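Student: fold the stuff below for me.
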Amino acid sequence: MRRPLLALLLLLACRPAASTTPPPADPVQATQPAADPWLAVHLDEPTVRAHLNYLADDARQGRAPGSDGDRESAAHVQAAFTQLGLQPAFGASYTQPFTLTDGVRLLPDQRPSLRIGPADLPVELLPFTQSTTAPISAPLVYLGHGVDDSPALHKATKGAIVVVRAGAPDDPHLDPTRTRTQSKLIAARDHGAVGFILWDPDSDLAFPNHGEANDLKIPALAVGKAGTPALLAAFNVKPTTSKPTTSKPDDVHHGLVPGKRAKQKASLHTPVERVELTTQNIAAVLPGSGGGKRIVIGAHVDHLGLGTGSSLAPGQSAVHNGADDNASGVATLLALAAAIARVPAAARPYDLEFVAFGAEEMGLLGSKHYVGALTPEARARIVAMLNFDMVGRLQGDAVVVSGVGTSSVWSPLLNKVAAPLQVRPSEDGFGASDQASFYTAGLPVLHFFSGTHADYHKPSDDLDKINFPGAVAIGDLSLRVIATLMQEQPTLDYLKVSAAAPRAGGFRVSLGTVPDYAAKVDGVQLADVRAGGAAAAAGMLAGDIITKLGTREIHNFDDYMACFAELKPGVAVPAQVLRAGKPIDLQITPSAPQRR
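Tutor: The predicted structure follows:
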């Protein structure tokens with residue numbers, strides 16, 4: 001309690017005279033500066049372990065967006081935030097809901113059908129089909145793998161329901177964009193097909209019915225091993241297990257020749273609708289003592305459920321717990337929040353916002369929604385974003401830190417605080433994790449990553465493989481980064497990294513575009529363009545919506561990917577974008593991918 005000044009003066013006046021010689025100073029107090037509160041906090045391994053055990057438990061069923069396990073995980077994160085006394089980040093709420101598309105489903109009381117003569121074949125849904133209100137009937141024609149450009153096959157395609165073999169022929173020079181199932185359908189549609197059957201004769205596995213479900217304008221279904229005998233019978237071909245005796249790449253071991261027409265017409269019916277799900281971001285704020293500047297710290301909480309098209313264990317309908325990807329990141333984030341909450345507010349001039357993003361595995365949807373919802377004022381308050389994605393499998397003492405080139409501050413800062421870890425830096429702020437959404441919004445970013453492993457996107461990414469002390473060490477490194485930002489308050493400039501063209505995948509061309517997979521537009525919206533890339537040279541800008549490339553109209557990402565098989569390196573083609581609602585004609589010259 002403060003005393004009034006007059007009372008204090010009277011008290012001093014009535015005191016007896018004291019010696020003018022000051023008492024000797026305590027030598028420790030005289031020479032030792034005030035203790036640094038940041039040195040007293042570290043991540044707690046039991047905290048990391050407890051959160052990770054909950055998130056990666058089989059009971060969460062792989063935390064697929066919109067599932068019970070997803071909602072339970074979000075509630076767990078929110079409970080951790082409230083127990084720490086953190087404030088809700090979205091007004092009065094800790095959650096920021098958003099919707100997404102996840103494949104297709106049948107309309108009520110409907111069933112898909114593929115009838116050839118008297119036979120009804122067992123079929124599976126495809127997540128890029130046109131919904132039909134009544135069956136369509138047309139001749140049935142086999143097109144092999146659907147990549148043959150011969151005029152005879154094009155002629156046979158017109159007006160037909162086509163059967164296209166899944167996968168690709170044995171041709172190392174074939175552009176993989178041509179062998180995407182959606183690209184095969186688009187090619188058949190462009191040559192007049194009225195229906196599409198994906199045939200996988202040796203597989204019992206359904207085609208992955210997940211993610212964005214674009215209407216590619218013709219009905220389509222899949223036929224697997226169970227329907228193969230009836231399909232071959234329709235073409236008057238007997239099943240065989242012998243291998244092909246010719247070198248034609250489209251010949252299959254069942255002896256069916258591309259261009260062959262079935263004896264009878266086929267009837268195809270696809271009464272489907274898109275599946276719309278709701279998931280959420282979960283976020284909380286630890287207020288600082290400064291003027292409202294903010295550091296965002298994130299990790300995605302979702303994973304693959306029982307397996308989706310992103311699973312690298314096809315055919316295994318098993319819980320994909322994602323212990324490393326990315327229960328490890330969320331557990332580290334929560335332990336980091338607990339550690340920093342113990343630092344006095346006076347030593348925290350910046351606000352800290354902790355965000356568990358939803359639907360990262362479906363195209364960074366949660367972080368894109370978060371960034372897209374920021375007001376200009378809120379965006380201006382963010383000084384940097386730090387991301388944890390897969391920090392649970394540290395090998396040795398080397399940690400990958402991406403985004404080092406996004407600000408001139410990062411490299412010297414990391415050199416200063418890295419020990420005892422060794423930082424393997426990557427300059428690029430793009431990448432397949434949530435920091436990319438912030439980098440495209442003009443913010444410096446860092447992404448902490450313990451490295452790849454054979455269990456990635458498989459059911460075997462489980463708790464028994466986690467290096468808990470390694471996750472703590474990476475969390476402590478981020479803690480030192482944050483402490484330095486708080487203490488020194490450097491000006492974090494934003495740098496555009498000129499990234500190399502893609503080196504893998506066998507694509508013929510590179511455009512240097514960064515599509516926004518979350519945008520709901522007619523076309524493909526660009527989240528950004530890579531500095532030095534073909535799109536930047538053509539004058540394309542972040543926010544542009546590509547509506548035409550070469551001779552092809554672009555209505556969705558599948559149309560966009562089909563263009564890659566048609567474009568050639570160094571050959572300029574017309575392009576059209578919508579910018580602020582106005583069409584702009586450009587010319588783009590694709591680059592050749594850089595290979596090493």
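
Student: so where is the stretch 251-400 of the chain shaky, pLDDT-wise?
Tutor: For the stretch 251-400 of the chain, the stretches with pLDDT under 70 are 251-254.

Student: do that again at 50, thanks
Tutor: 251-253 (pLDDT under 50).

Student: show me where it has strands.
Tutor: Ranges of strands within the stretch 251-400 of the chain are 266-269, 272-286, 294-300, 351-357, 382-388, 398-402, based on DSSP state E, counting those that start in this stretch.

Student: so which elements touch the fifth one?
Tutor: For strand 382-388, the packing partners by 3 or more C-beta pairs under 8 Å, 6 or more residues apart in numbering; DSSP states H and E come out as strand 294-300, helix 328-340, helix 435-439, strand 445-449, helix 468-488. Heads up, the C-betas are built off the backbone N, CA and C, glycines and all.

Student: so which of the strands of the stretch 251-400 of the chain gets nearest residue 549?
Tutor: With C-beta to C-beta, the closest approach to residue 549 among these belongs to strand 272-286: 25.1 Å.

Student: give the pairing partners of that closest one; include direction for each.
Tutor: strand 87-88 (antiparallel), strand 95-106 (antiparallel), strand 351-357 (antiparallel) (DSSP bridges).

Student: present these as JSON lines; the columns should include distance to residue 520 and mean neighbour count.
Tutor: Shown next, in JSON lines, are those (distance: least, C-beta to C-beta, whole Å; neighbours: other C-beta atoms under 10 Å):
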{"stretch": "strand 87-88", "distance to residue 520": "27", "mean neighbour count": "16"}
{"stretch": "strand 95-106", "distance to residue 520": "9", "mean neighbour count": "18"}
{"stretch": "strand 351-357", "distance to residue 520": "19", "mean neighbour count": "26"}
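
Student: first to last residue in stretch 81-97, what's the distance?
Tutor: This stretch, stretch 81-97, spans 17 Å end to end (C-alpha to C-alpha, to the nearest Å).

Student: that should have said stretch 116-134, apologies.
Tutor: 16 Å.

Student: same deal with stretch 370-377?
Tutor: Termini of stretch 370-377 sit 14 Å apart (C-alpha to C-alpha).

Student: that one: which residues count as buried?
Tutor: 370, 371 (16 or more other C-beta atoms under 10 Å).

Student: please apply the same query to stretch 58-78.
Tutor: Neighbour count says stretch 58-78 has 60-67, 69-74, 76-78 buried, by 16+ other C-beta under 10 Å.

Student: repeat for stretch 264-272
Tutor: 265, 266, 267, 268, 269, 270, 271, 272.

Student: need the strands of the stretch 251-400 of the chain in CSV (columns: distance to residue 582).
Tutor: Listed next are the strands of the stretch 251-400 of the chain as CSV, based on distance: least, C-beta to C-beta, whole Å:
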stretch, distance to residue 582
strand 266-269, 40
strand 272-286, 29
strand 294-300, 33
strand 351-357, 33
strand 382-388, 30
strand 398-402, 36
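
Student: can you check which of the ones you listed gets nearest to residue 454?
Tutor: Comparing the strands of the stretch 251-400 of the chain by C-beta to C-beta, strand 398-402 comes nearest, at 17.0 Å.
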